[in-house]
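Participant: Okay, structure incoming, though there's no sequence with it:
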């Protein structure tokens, strides 16, 4: 099974446990068009369509809780394991380690997830590690981790298709999985992303249809509607942004977050048995 | 697999008994002609369900559902330029599937089960990759000639099967998804311009420049698509798993709990064929001991299930 690995000038981490290609190739989507014709212009959407989230839970059998969310063409699956034994770390205070549960988030794109040319490597890269860190920082404050001392909660997030608004959809899916796992939370965490393409001045909501490939800057906001608190914010920009610009982006994100919160809450209520649903609403 | 099997609802006492002594509980159920596996609920659940073309990031994709086991498979294509000497040198000593230009990996990420941890693929994942690769290579259903692009180029397919939920019969669900994804493959039409430069240097299978201008293959400007019949029309490669208990009872398409029963033998039958090709048994893999009559019965049932899959979820 050990295929001959190609020689490369670039030092890349080698994946020795999986089958690798004999020869490097070029993705067919990256090939230029014949006859030197320009690439067809992407059909921009004249009017932003309000896309709905589609939720599903209990998809994974051997887990405590799981959730699946589709936002347009973007598809994310999350599962929760735990509470399990905590990891020992010499750097953390022993008392703090034992009084609250540890939340550990793993984030990975499937090899076929990207709509851009090229496969996603099995080995996690910087983007995925940053996304996992954002999910961890966003979801930890919303969980009652003090109710589960001396334990660890693992959240695994797998993106099946990334057609835009991937990180925000992952936050929504992770929240659904945590609720399905029966973990106590202060509030549901929902997220939305706005982006500003190159040369544009206005922020536009990122949708999961593969149409916006925001190359300039984007702001992802995670919001807890009932508590009226921001759970997390991630700003990605090629150049520093003014605070008022970021504030404007956050204000645009707030309404979609509230709508997603309502949709998610209604979905969870619909999942309850009829008797429990009446009691919850009352 | 016996007729009349139904899925019971467990009471709290029964659930506790199942937790404490799972082997005895399973035998007691079987004695009363009962199975807990989701695949035993109906004939259609035993065959499985496939959703082709559901993942837009891949050229060919499918999601298979077999009871509580779910697999997502995506196929990506790239163009490689090979010299004749390089092709022979690269093909020597490597897996036939790799030599044919199909790079297959089956992944069992932690999201699908508590048993799998983050990091390099587990032994189960590596074994699954080998099982599926060998089954495809030995099936005779792959047509590598469909991957040829012009006189000096070839398509290279990356087949990635990712488990979404693991609950037994992993090779069954994986091959179902892989067969459906390969049948669903849709690529942009490629052209090799007449004035494409030819590089006569024989540098073997080492890395060539990946700059697009060096490949010489272009996409058709009209956006035309084509479907290479990598898997021969109407054919598929399918695995059917069985659990043999006491050399007497046979459970087809078992779930994770039934596969883990102590003293039970697992028999996996790989079948291939369909369309113009006759359906035949490619290989039989066993874990444990089972009587030859039982293995023969497994092969017959596997061939029947292959025909049912071709008529059902894999019908084109």
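Facilitator: Received the coordinates, thanks. In this text the structure is predicted, and so the values were computed from the model without any measurement. Residues are numbered from 1 along each chain as shown, chains lettered A, B, ... in the order given.
Participant: For the stretch 101-250 of chain A, which segments are assigned as strands?
Facilitator: A:102-109, A:152-161, A:189-196, A:204-205, A:217-224, A:229-237 (DSSP state E, counting those that start in this stretch).
Participant: Run through the bridge partners of residue A:109.
Facilitator: Beta-bridge pairing for residue A:109 (DSSP bridges): residue A:159.
Participant: Now do the contacts for it.
Facilitator: Counting by C-beta atoms under 8 Å, 6 or more residues apart in numbering or on different chains, residue A:109 makes contact with A:120, A:128, A:158-159, A:162. In short, each C-beta sits where N, CA and C put it, glycine included.
Participant: Which one (most neighbours) among those residues?
Facilitator: The most crowded member of these, judged by other C-beta atoms under 10 Å in any protein chain shown, is residue A:158 (28 neighbours).
Participant: That one contacts residue A:105, doesn't it?
Facilitator: No - the pair residue A:158 and residue A:105 does not pass the contact test of C-beta atoms under 8 Å, sitting 12.0 Å apart.
Participant: What residue, apart from its backbone neighbours, is nearest residue A:176 spatially?
Facilitator: residue A:67 (3.3 Å; C-beta to C-beta, 6 or more residues apart in numbering or on different chains).
Participant: Could you check the helix or strand in which that neighbour is found and say which residues are buried?
Facilitator: For residue A:67, the host element (DSSP states H and E) is strand A:65-71. Within strand A:65-71, the residues scored as buried using 16 or more other C-beta atoms under 10 Å in any protein chain shown are A:65-71.
Participant: And stretch B:233-251, by the same measure?
Facilitator: B:234-245, B:249-251.
Participant: out of the contacts of residue A:109, who's nearest residue A:88?
Facilitator: Of all those, residue A:88 sits closest to residue A:128, with 25.2 Å by C-beta to C-beta.
Participant: The closest one: what's its closest spatial neighbour, skipping adjacent residues?
Facilitator: Nearest one to residue A:128, counting by C-beta to C-beta, 6+ apart, is residue A:107 at 5.2 Å.
Participant: which residues touch that neighbour?
Facilitator: A:124, A:128-129, A:131-132, A:135, A:157, A:159, A:170.
Participant: Just the buried ones from those?
Facilitator: If we count by 16+ other C-beta under 10 Å, the contacts of residue A:107 have these buried: A:124, A:128, A:131-132, A:135, A:157, A:159, A:170.
Participant: Sort out which one of the residues you listed lies nearest chain B for me.
Facilitator: Using C-beta to the nearest C-beta, residue A:157 is the member of the buried ones among the contacts of residue A:107 that lies nearest chain B, at 7.3 Å.
Participant: Pass me the low-pLDDT residue ranges in the chain, would you?
Facilitator: In the absence of a named chain, this looks at chain A. Along chain A, segments meeting pLDDT under 70 span A:1-15, A:36-50, A:89-97, A:211-215, A:275-282.
Participant: if you could check chain B rather than the one you did, that'd help
Facilitator: B:1-10, B:83-92, B:193-215.
Participant: Beta-bridge partners for the closest residue to chain A within it, please?
Facilitator: Per C-beta to the nearest C-beta, residue B:74 is where chain B lies closest to chain A, at 2.6 Å. Residue B:74 has these beta-bridge partners by DSSP bridges: residue B:61, residue B:160.
Participant: That one reaches residue B:55, doesn't it?
Facilitator: Yes - because the distance of 5.5 Å satisfies C-beta under 8 Å, residue B:74 is recorded as touching residue B:55.
Participant: Are there residues contacting both of the two? Which ones?
Facilitator: A:112-113, B:61.
Participant: got a markdown table for the residues you listed, with distance to residue B:188 and neighbour count too?
Facilitator: Formatted as a markdown table, the shared contacts of residue B:74 and residue B:55 follow (distance: C-beta to C-beta, whole Å; neighbours: other C-beta atoms under 10 Å in any protein chain shown):
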| residue | distance to residue B:188 | neighbour count |
| --- | --- | --- |
| A:112 | 16 | 27 |
| A:113 | 19 | 28 |
| B:61 | 16 | 27 |
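Participant: Assign residue A:23 to helix, strand or coil.
Facilitator: Using DSSP: H, G, I helix; E, B strand; the rest coil, the structure places residue A:23 in coil.
Participant: what's around the nearest residue to it once chain neighbours are set aside, how many residues?
Facilitator: Excluding the flanking residues, the one nearest residue A:23 by C-beta to C-beta, 6+ apart is residue B:80, at 4.7 Å. Around residue B:80 there are 25 other residues, counting by other C-beta under 10 Å.
Participant: and the gap between residue B:80 and residue B:156?
Facilitator: 5 Å (C-beta to C-beta, to the nearest Å).
Participant: same question, residue A:67
Facilitator: From residue A:67 to residue B:156 the distance is 35 Å (C-beta to C-beta).
Participant: what's the residue of the stretch 51-200 of chain A found nearest chain B in contact with, if anything?
Facilitator: Chain B sits closest to residue A:112 of the stretch 51-200 of chain A, with a gap of 2.6 Å, by C-beta to the nearest C-beta. Contact analysis of residue A:112 by C-beta under 8 Å, 6+ apart lists A:119-120, A:161, B:55, B:57-58, B:61, B:74-76, B:160.
Participant: all strands for the stretch 151-300 of chain B, in order.
Facilitator: B:153-165, B:187-188, B:190-191, B:218-219, B:225-226, B:236-245, B:249-252, B:265-274, B:277-287.
Participant: The third one packs against which elements?
Facilitator: Pointing back at strand B:190-191 there. strand B:218-219 (3 or more C-beta pairs under 8 Å, 6 or more residues apart in numbering or on different chains; DSSP states H and E).
Participant: number of nearby residues for residue B:284?
Facilitator: Neighbour tally, residue B:284, other C-beta under 10 Å: 16.
Participant: Pairing partners for it in the sheet, please.
Facilitator: residue B:269.
Participant: Residue B:44: what secondary structure?
Facilitator: Classified using three-state DSSP, residue B:44 is helix.
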